[in-house]
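Novice: following is a predicted model, sequence given first.
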Amino acid sequence: MMTPTREAELADLISAAAEPLHIQGGGTRDIGSPVEGLTLSTAGLSGVSLYEPGALTLVAGAGTPVAEINEMLANEGQRLAFEPMDHRALLGSSGTPTIGGIMATNTSGPRRIQVGAARDFCLGVRFVDGQGQILKNGGRVMKNVTGYDLVKLMCGSWGTLGVMSEVSLKVLSIPETEATLICQGQSAGQAVASLSAALGSPFDVTGAGVVNGETRVRIEGLEGSVAYRAGALQDSVLPGFEVVTGAVSAAKWAELRDVTPFAGREGAVWRISLKPSDGPELVAALAPLAPEALYDWGGGLVWLMLPDTASEDAHAAVIRAEVSKLGGHATLIRGADQARKMAPAFPPEPKPIAALTQGLRAKFDPRGVFNPGLMGA
Amino acid sequence: MQMPKPSEQILARKSQIVARLQAVLPKGAVIHDPIQTRVYECDALTAYKCPPLCAVLPASTAEVSAVMKVCFEEGVPVVPRGAGTSLAGGALPTADSVILGVARLTDVIDADYDNRFIQVQTGRTNLSVTGAVEEEGFFYAPDPSSQLACAIAGNIAMNSGGAHCLKYGVTTNNLMGVTMVMADGEVVEIGGAHLDAGGLDLLGLICGSEGQLGIVTEATLRILAKPEGARPVLVGFDSNEVAGACVSDIIKAGILPVAIEFMDRPVIRATEDFAKAGYPDCEALLIIEVEGSDAEIDDQLARIIKIAKTHNPVELRESTSAAESAAIWLGRKSAFGAMGQINDYMCLDGTIPVSELPFVLRRIGEMSAEYGLGVGNVFHAGDGNMHPLILFDANKPGDLEKCEALGADILTLCVEVGGCLTGEHGVGVEKRDLMRRQYTDEDLEIQLAVKDVFDPKWILNPAKVFPLSTTETRRG
């Protein structure tokens, strides 16, 4: 494994690379079609170089552990508002999640519906392209429309376009308090209707999910405001819901964020993004596969676990056929190597889009050394 | 400012090109009479003008596709135009180009309140998107100052922001999907009613690409439930530094107002003369707005006022009613008009780290004196997006050039302190030749390579965004 500690060294290693490279941050998210290649880790490019709490900005090396950033932010009462998932429990992986890994995979959690995704909090990137050139895009300011937004393109490109060396982030304050309204025993359809009603209210909902038959709605903010909104939601939008607060509330969202109900169990896990009201419909259509489902993002993010471990493609064909009827996309997050290759793990793209993707890859990585095959052909 | 020399060959073929466009569009959708094409000779950057070869006004995605097929075959440059409100010259034509206006694409295709999105054709104005959903208690968050006139197509092209994006983000954070016509006329769908991309984030790439990667004809936009209420407080200070420090303290305290607007003395005085909003005569003032129920607003404003008081404000005016809120916003909303009363002005759009506000404001004051041109500052302080307004006299020979030179110096300063050339207006032609101040040749080359992928013939808005010398070999 190659672990450069300086950006220039990273660039040299890439320009000298004679064979495919398997790019990783902390190595905690082994997702996508398996990549054969020499591992190039950004973990050595670690450290926060700038943090201005009053400007809500932080700049860090791509290999900086997320935990280190979280701690530094917490000391100033701030946080990564997009609530990135820690994949270790679900995937049974070890290692240290890095901020570059978060951005390269555009990993966001329950709060994505209110504040935006990881990509919405990435203000700038420095990266090395497939020829070993050091490039930058964006910067460290909140608003920036100078030239094309390659920051968004790099976020969620899973190391297939470039290797990030540094990221600039927007951070937000940790609110004074949080509360979760819960209700047991709603059908999936009823639950998503409740979530839609809550998200369509003026009460600033920051989490909306369903776990093990429990419908959950989160609000955050100043103490008085949270109390007021909890009451208002109970009165007008979510009758019969109870309120939990503090650590009990927080644990419910950590559980959904990290998909821990599926951790340590057998079965392929799919992550499906679709129109919220279509979530229960999709799960019903897949009933023959006997899936277990968690809902996040008001129903628009469905986590699906399939008990059948014999399927060669983790039932990709069936799942994608149903998803394509509704609109959206499905990614295989956990599955046997064979299934990840066959499925494939990332959603196949329609022809004209695939042509754009391939065209961009050819420009950013003309030699095809970055994570070949990971996101499909 | 230089534009490429029009192609003699295209100019000579005008009648054939017009005939081909007429053949694929309904009657009246091709404007080619030189008197009528003058309507399209500029956008809101009025210093530069050039009538196009012709203008087309398609009314459907299929018609846009038909137009692009003709232009692709003919190798004719196409300049997309939303409502023509660009301050950066994004819709400035060349004599050999076809203006593709989206003014007839104004339908609401779908409004889905359960799933909180609206799908519209992109010629629809920003404000009328909110207009279509407000009866149900929803709104579309990005609110550029030109929202009454500007089109969603232009908002997507420039990734427009607005006063309230401190809390709600800019266009890219609220855009879920597009229908886009490619340079060769192919129609693609990217994103939709679901969140985030399954593959590469092409949607994020398209937003802010200034009409250079495709023509967006339909958009799926996130809509949000309207807050119960909103109310501002106005705080005056006797120095820019102190106002800047106050902004930073509010943000650090964990309060996230929906807007923090900043005005300096030249702008305060101009707006007082113009709009008579009753602003205090002070060095700097902030308008800070928060949202929620009455009690929530009271709570947040009390915290903000407590912080403000530690900075010895010369004036502190908390709104207690809708009328008082309107009075506080009146001056801010008429600021640009007020400056326009004094003289012609050029509006800059650089963004800086909030911590650099006091230094940058002081330097702008010094530069203003050196150049002998007045500069007023009115901007979104919470996110560091400055809008220096440089006053000049368009009728005075040499004044425009002097103003542009000062503008370039100010934007260079923004880059030097860690900021950027443009926060929400776009590069267009206005800042095209300054791009090298922010990016290396390699940084620019990879952006050009992106355009090569989407538009290999370089017919979409080809003379914008990048210094002409970097695109010369690519343009037809």
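Specialist: Arrived safely, thanks for sending.

Novice: how does the chain divide into domains?
Specialist: Defaulting to chain A. A:7-173, A:177-257, A:260-342 (automatic domain parsing).

Novice: wait, I meant chain B there
Specialist: According to automatic domain parsing, the ranges for chain B are B:8-103, B:108-225, B:230-336, B:343-416.

Novice: and the end-to-end length of the last one?
Specialist: Between the opening and closing residues of domain B:343-416 lies a distance of 29 Å (CA to CA, to the nearest Å).

Novice: is that domain anywhere near chain A?
Specialist: Yes. Using CB under 8 Å from any CB of the partner chain, domain B:343-416 comes into contact with chain A via B:351-355, B:380, B:382-385. C-beta: built from backbone N, CA, C; applies to glycine.

Novice: averaged pLDDT, that domain. What do you get?
Specialist: Average pLDDT, domain B:343-416: 93.

Novice: so what's the closest residue to residue A:285 other than its chain neighbours up against?
Specialist: If you skip the residues right next to it in sequence, residue A:285 has residue A:322 as its closest partner in space, 4.8 Å away by CB to CB, 6 or more residues apart in numbering or on different chains. Residue A:322 is in contact with A:282, A:285-286, counting by CB atoms under 8 Å, 6 or more residues apart in numbering or on different chains.

Novice: check which helix or strand covers residue A:322.
Specialist: According to DSSP states H and E, residue A:322 maps onto helix A:316-326.

Novice: beyond that helix, next helix or strand please.
Specialist: strand A:328-334.

Novice: and that next one with helix A:316-326, angle?
Specialist: Counting by axes from the mean of the first three to the mean of the last three CA atoms, to 10 degrees, strand A:328-334 lies at 150 degrees to helix A:316-326.

Novice: beyond strand A:328-334, next helix or strand please.
Specialist: That would be, after strand A:328-334 and using DSSP H and E, helix A:337-342.

Novice: can that next one be found next to chain B?
Specialist: No. Shown here: helix A:337-342 not in contact with chain B (CB under 8 Å from any CB), separated by at least 15.1 Å.

Novice: would you mark the buried spots in that helix?
Specialist: A:339-342 (16 or more other CB atoms under 10 Å in any protein chain shown).

Novice: including distance to residue B:222, could the residues you listed go into JSON lines?
Specialist: Below are these laid out as JSON lines (distance: CB to CB, whole Å):
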{"residue": "A:339", "distance to residue B:222": "34"}
{"residue": "A:340", "distance to residue B:222": "32"}
{"residue": "A:341", "distance to residue B:222": "35"}
{"residue": "A:342", "distance to residue B:222": "35"}
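
Novice: hmm, stretch B:260-279 in reach of chain A?
Specialist: No. Using CB under 8 Å from any CB, stretch B:260-279 never reaches chain A; the gap is at least 11.6 Å.

Novice: next one: that stretch to chain centre, how far?
Specialist: 22 Å (CA atoms, centre = their mean, to the nearest Å).

Novice: what does stretch A:12-31 give?
Specialist: 20 Å.

Novice: one more: stretch B:294-304?
Specialist: 31 Å.

Novice: I'd like the average pLDDT over that stretch.
Specialist: The model assigns stretch B:294-304 a mean pLDDT of 93.

Novice: what sits up against it?
Specialist: With CB under 8 Å, 6+ apart, stretch B:294-304 has contacts from A:221-222, A:224-225, A:228, B:228-231, B:233, B:250, B:253, B:255, B:257, B:288, B:290-292, B:318.

Novice: in strands only, show me these.
Specialist: A:221, B:230-231, B:233, B:288, B:290-291, B:318 (DSSP state E).

Novice: may I have the helix or strand containing residue A:357 as PDB, with CA atoms only?
Specialist: Element membership of residue A:357 [criterion: DSSP H and E] is helix A:351-364. Below are the C-alpha coordinates for helix A:351-364, written out as PDB (Å, rounded to 0.1, in the frame of the first residue of the first chain):
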ATOM      1  CA  LYS A 351     -26.700   5.500 -23.000                       C
ATOM      2  CA  PRO A 352     -26.300   9.300 -23.400                       C
ATOM      3  CA  ILE A 353     -25.400   9.700 -19.700                       C
ATOM      4  CA  ALA A 354     -23.000   6.800 -19.900                       C
ATOM      5  CA  ALA A 355     -21.300   8.500 -22.800                       C
ATOM      6  CA  LEU A 356     -20.800  11.700 -20.700                       C
ATOM      7  CA  THR A 357     -19.500   9.700 -17.800                       C
ATOM      8  CA  GLN A 358     -17.100   7.900 -20.000                       C
ATOM      9  CA  GLY A 359     -16.100  11.100 -21.700                       C
ATOM     10  CA  LEU A 360     -15.300  12.800 -18.400                       C
ATOM     11  CA  ARG A 361     -13.300   9.800 -17.200                       C
ATOM     12  CA  ALA A 362     -11.200   9.900 -20.300                       C
ATOM     13  CA  LYS A 363     -10.400  13.500 -19.700                       C
ATOM     14  CA  PHE A 364      -9.700  13.300 -16.000                       C
END
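
Novice: would you mark the buried spots in that helix?
Specialist: Buried residues in helix A:351-364, counting neighbours by 16+ other CB under 10 Å, are found at A:352-353, A:356-357, A:359-361, A:363-364.

Novice: hmm, back to that, can you tell me which of the residues of domain B:343-416 next to chain A has the most neighbours?
Specialist: residue B:384 (32 neighbours; other CB atoms under 10 Å in any protein chain shown).

Novice: which SS state does the residue of the stretch 51-200 of chain A found nearest chain B fall under?
Specialist: Using CB to the nearest CB, residue A:152 is the residue of the stretch 51-200 of chain A that sits closest to chain B, at 2.5 Å. At residue A:152 the chain is in helix, as set by DSSP: H, G, I helix; E, B strand; the rest coil.

Novice: please verify my assumption that it contacts residue B:201.
Specialist: Yes. Between residue A:152 and residue B:201 there is a contact under CB atoms under 8 Å: 4.8 Å.

Novice: related to what we said a few turns ago, show me which of the ones in strands among the contacts of stretch B:294-304 are buried.
Specialist: For these, buried by 16+ other CB under 10 Å: A:221, B:230-231, B:233, B:288, B:290-291, B:318.

Novice: which one of those residues is nearest to residue B:28?
Specialist: residue B:230 (43.5 Å; CB to CB).

Novice: the closest one and residue B:287 touch, don't they?
Specialist: No. The pair residue B:230 and residue B:287 does not pass the contact test of CB under 8 Å, sitting 11.7 Å apart.

Novice: mind listing the strands for the stretch 51-200 of chain B?
Specialist: B:54-56, B:78-81, B:98-101, B:108-112, B:117-121, B:138-139, B:175-181, B:187-191 (DSSP state E, counting those that start in this stretch).

Novice: per-residue confidence for residue A:377?
Specialist: Reported pLDDT for residue A:377: 65.

Novice: what sits closest to residue A:279 if chain neighbours are left out?
Specialist: Nearest to residue A:279 is residue A:299, by CB to CB, 6+ apart, at 3.8 Å.

Novice: where's the one you found relative to residue B:177, distance?
Specialist: 18 Å (CB to CB, to the nearest Å).

Novice: neighbour count for the two, which is higher?
Specialist: residue A:299 (31 against 20).
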